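Asker: Have a look at this prediction, sequence included:
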Amino acid sequence: VDRVAEDEGLKQSLRLALLGGKPVIQRVYEQVAGVLDEAYVATDDERIEAVVKAFGGKVVMTSIDHKSGTDRCYEAFTKVGQGYDVIVNIQGDEPFIRHSQLEAVKSCFDDASTQIATLVKPGKDRLPGRTGVKVHLENYGTAHSITLRNLYIHDVNGSLVKKQGGGSGIYIVNEGEKPSIFDGLTIENCIIRRCERNGIIWWGYVTRDFWHPNRHVVVRNNLIEGVPGDGIVPIGCDSAVIEYNRIKNCPDLLPDGEFAAGIWPWSCDNTLIQFIEVSDHKAPGDAQGFDSDNNCNNTIIQYNYSHDNEGGFLLICNTGETGMPENIGTNNTLIQGNISINDGNRTKKIGTGFFSPSIHISGPAKGSTLRHNIIHVTKKVNSDVQRCLLSATQSYGDADSTTVCENLFYVAENSCFLLGNSTNNFFKDNCYLGNIKNIPEDEGATYENKTYSNMIKNDLSGVESLKPFLHSVNTPTGELQIVDSDAINSFFSK
């Protein structure tokens with residue numbers, strides 16, 4: 001209720017919201033003052049300053065130009081001039097905040113590594129756009145050296161539908177008519193569990209006629225577990241480095257018609273994706289471990305371990321539906337030194353049947369190169385699974401100038417290559433083990449490899465027998481298996 005509060009001590013009439021005869025701001029102050037060591041009201045309004053002084057509270061006047069409460073808190077902190085270890089930001093319209101809630105936030109800082117904490121109330125119903133942590137630039141300019149570290153983000157109940165806005169663990173946004181970019185953004189040592197729909201995603205400048213990419217972006221040492229949709233998707237970045245991350249146990253929750261994959265750049269240049277383990281993706285559409293996607297130049301995907309992803313190991317995609325400035329194409333992707341075991345083994349029928357090639361090139365992707373990869377294809381769980389080794393399909397055009405050199409393809413049962421209407425393919429010095437049909441013309445092709453055959457003879461699954469190509473890495477978020485670059489390069493050099 002908006003009433004006139006008259007207090008002779010204020011020497012003026014104020015129009016403030018009252019609650020039980022007291023201004024709401026006083027109710028909030030009294031709730032928190034007994035729990036925190038000190039409490040201040042930070043405001044830019046002289047009327048509020050007067051009210052706080054009248055009831056005996058502490059108040060700090062701050063600038064009217066702040067864009068967030070965090071900015072206002074920081075100015076108040078600098079003006080107070082005390083060396084506090086922790087600042088708690090409480091909104092002035094929360095009179096019912098409980099002591100137990102404040103104590104819960106304070107307890108987070110008993111761990112010396114905690115840098116930020118917040119109260120969260122889980123939602124029972126799925127809502128679009130829900131996210132655990134959002135970093136948002138709009139008409140800001142350049143933000144330098146932003147770090148998200150050691151976060152545990154879990155149980156975000158967002159929408160499972162991408163077009164509705166989905167949901168995510170971490171959401172990075174930069175936008176506005178005034179170019180606003182991150183120059184130095186690091187996301188590391190974070191655990192994201194059971195966040196729906198996605199893990200770590202972006203939104204930024206994506207068209208080439210207003211191209212303002214983020215730079216010096218690093219995403220490393222993160223665990224994404226129990227996330228059904230996209231794992232890590234940088235958007236609008238140049239030279240992002242995605243490394244030493246683990247994605248696993250992706251549940252089968254997405255509705256039919258939804259597409260998702262483990263790690264993939266979109267509208268990015270010069271992305272480096274390396275030393276990562278991705279497994280267990282089950283999305284109805286795509287569901288590969290890795291993807292080089294639309295409007296991207298010079299993506300490198302190397303020394304990663306992909307296994308048990310139902311849609312396959314790799315997608316290289318250019319839908320071809322739009323051209324410049326929205327889509328420069330998918331150009332000059334390099335895929336090298338990766339190991340794929342038991343990818344593309346769909347367990348249920350999707351809109352395209354059981355389509356799940358180990359490698360899928362969709363649309364007019366140009367200049368892709370695959371070298372020094374091991375594609376180890378085990379037996380199908382369902383005879384209807386359409387799991388060829390490499391499928392090139394049409395989407396407003398066909399792939400062009402794909403190079404496939406010095407790879408090893410192993411199949412436990414019949415498989416094939418389906419290159420469709422793709423053009424200027426170049427195959428050289430690949431090894432084909434098993435009953436593989438439609439092998440392209442390949443100068444230097446071999447059909448046996450004693451070293452490899454001896455390695456797998458007692459374990460055709462490859463899970464244990466191919467471990468000499470892998471090594472374990474302990475990160476702050478757990479252990480992962482990655483490809484030993486020296487071991488796989490040495491194998492192919494022989």
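Answerer: Nice, thanks for sending it over. Small disclaimer: the values here were computed from a predicted structure and weren't measured.
Asker: Next, the buried residues of stretch 246-254.
Answerer: The neighbour-count check on stretch 246-254 (16 or more other C-beta atoms under 10 Å) flags 246, 247, 248, 250, 253, 254 as buried. Heads up, the C-betas are built off the backbone N, CA and C, glycines and all.
Asker: Grab the nearest non-local neighbour of the first one.
Answerer: Looking back up the chat, that one is residue 246. Computed as C-beta to C-beta, 6 or more residues apart in numbering, the closest residue to residue 246 that is not its neighbour in sequence is residue 480, at 4.3 Å.
Asker: wait, the one you found sits on residue 244?
Answerer: Yes - if you go by C-beta atoms under 8 Å, residue 480 and residue 244 touch, sitting 7.1 Å apart.
Asker: Which residues are in contact with each of the two?
Answerer: Residues touching both residue 480 and residue 244 (C-beta atoms under 8 Å, 6 or more residues apart in numbering) are 276, 473.
Asker: Neighbour count: the two, which is higher?
Answerer: Comparing residue 480 with residue 244 by neighbour count (other C-beta atoms under 10 Å), the higher total belongs to residue 480, at 24 against 20.
Asker: Tell me who's in contact with that one.
Answerer: Counting by C-beta under 8 Å, 6+ apart, residue 480 touches 244, 245, 246, 276, 277, 305, 472, 473.
Asker: list the contacts for residue 487?
Answerer: 468, 469, 471.
Asker: Can you tell me which of those residues has the most neighbours?
Answerer: Taking other C-beta under 10 Å to define a neighbour, the member of these with the most is residue 469, carrying 22 neighbours.
Asker: for that one, phi and psi?
Answerer: Taking degrees, to the nearest 10, you get phi -90, psi 0 for the backbone angles of residue 469.
Asker: swap in residue 105?
Answerer: Reported as degrees, to the nearest 10, the phi and psi values for residue 105 are phi -70, psi -40.
Asker: likewise the one 5 residues further on?
Answerer: Per-residue torsions, residue 110: phi -70, psi -30 (degrees, to the nearest 10).
Asker: okay, it: pLDDT?
Answerer: What the model reports for residue 110 is a pLDDT of 91.
Asker: So what pairs up with residue 278 in the strands?
Answerer: Beta bridges link residue 278 to residue 247, residue 306 when assigned by DSSP bridges.
Asker: For the protein, which residues score under the pLDDT cut-off?
Answerer: Of all residues in the chain, those with pLDDT under 70 make up the ranges 1-16.
Asker: Just give the number of residues close to the nearest residue to residue 471 once chain neighbours are set aside.
Answerer: With C-beta to C-beta, 6+ apart as the measure, residue 484 is the residue that lies nearest to residue 471, at 4.8 Å, once sequence neighbours are left out. Applying other C-beta under 10 Å, we find 18 other residues in the vicinity of residue 484.
Asker: next one: residue 255
Answerer: Taking other C-beta under 10 Å as the definition, residue 255 ends up with a neighbour count of 8.
Asker: what's the closest non-adjacent residue to it?
Answerer: With C-beta to C-beta, 6+ apart as the criterion, residue 255 has its nearest non-adjacent residue at 6.1 Å, and that residue is residue 160.
Asker: Can you verify my assumption that that neighbour contacts residue 196?
Answerer: Yes - when contacts are counted by C-beta under 8 Å, residue 160 is listed as touching residue 196 (5.9 Å).
Asker: what about these two, which has more around it?
Answerer: More crowded of residue 160 and residue 196, by other C-beta under 10 Å: residue 196, with 24 against 20.
Asker: Return the residues in contact with the residue nearest to residue 255.
Answerer: For residue 160, the contacting residues are 126, 166, 167, 196, 197, 228, 229, 253, 254, 255, 258, by C-beta under 8 Å, 6+ apart.
Asker: If we only consider those residues, which is nearest to residue 407?
Answerer: Residue 407 has its nearest neighbour among the contacts of residue 160 in residue 229, at 29.4 Å by C-beta to C-beta.
Asker: Quick check: that closest one vs residue 188, distance?
Answerer: In this view, residue 229 and residue 188 are 21 Å apart by C-beta to C-beta, to the nearest Å.
Asker: same deal with residue 327?
Answerer: Look at residue 327 and residue 188: by C-beta to C-beta, they are 31 Å apart.
Asker: Quick one: list the elements packing against the longest helix along the chain.
Answerer: Among the segments of the chain that qualify as a helix by DSSP state H, the longest is helix 69-80. Contact here means 3 or more C-beta pairs under 8 Å, 6 or more residues apart in numbering; DSSP states H and E; on that basis helix 69-80 packs against strand 41-43, strand 59-61.
Asker: of all those, which gets the most neighbours per residue?
Answerer: The densest packing among the helices and strands packed on helix 69-80, expressed as mean neighbour count by mean count of other C-beta atoms under 10 Å, is seen in strand 41-43 with a mean of 21.
Asker: Run me through the strand neighbours of that one, direction for each.
Answerer: Sheet pairing for strand 41-43, assigned by DSSP bridges, gives strand 59-61 (parallel).
Asker: distance between the ends of stretch 36-56?
Answerer: Using C-alpha to C-alpha, to the nearest Å, the end-to-end distance of stretch 36-56 comes to 16 Å.
Asker: Stretch 346-355 too?
Answerer: 8 Å.
Asker: Now do the buried residues in it.
Answerer: Buried residues in stretch 346-355, defined by neighbour count with 16+ other C-beta under 10 Å: 346, 350, 354, 355.
Asker: from those, which is closest to residue 81?
Answerer: The shortest separation between residue 81 and any of these is 61.9 Å, and it belongs to residue 350 (by C-beta to C-beta).
Asker: Which strand residues bridge that closest one?
Answerer: Beta bridges link residue 350 to residue 353, judged by DSSP bridges.
Asker: show me where the stretch 51-200 of the chain has helices.
Answerer: Counting by DSSP state H, counting those that start in this stretch, residue ranges of the helices within the stretch 51-200 of the chain are 69-80, 99-108.
Asker: circling back to that earlier point, any idea which of the buried residues of stretch 346-355 is closest to residue 299?
Answerer: Proximity of the buried residues of stretch 346-355 to residue 299 (C-beta to C-beta) peaks at residue 355, which lies at 23.0 Å.
Asker: That's all I had, so thanks and see you.
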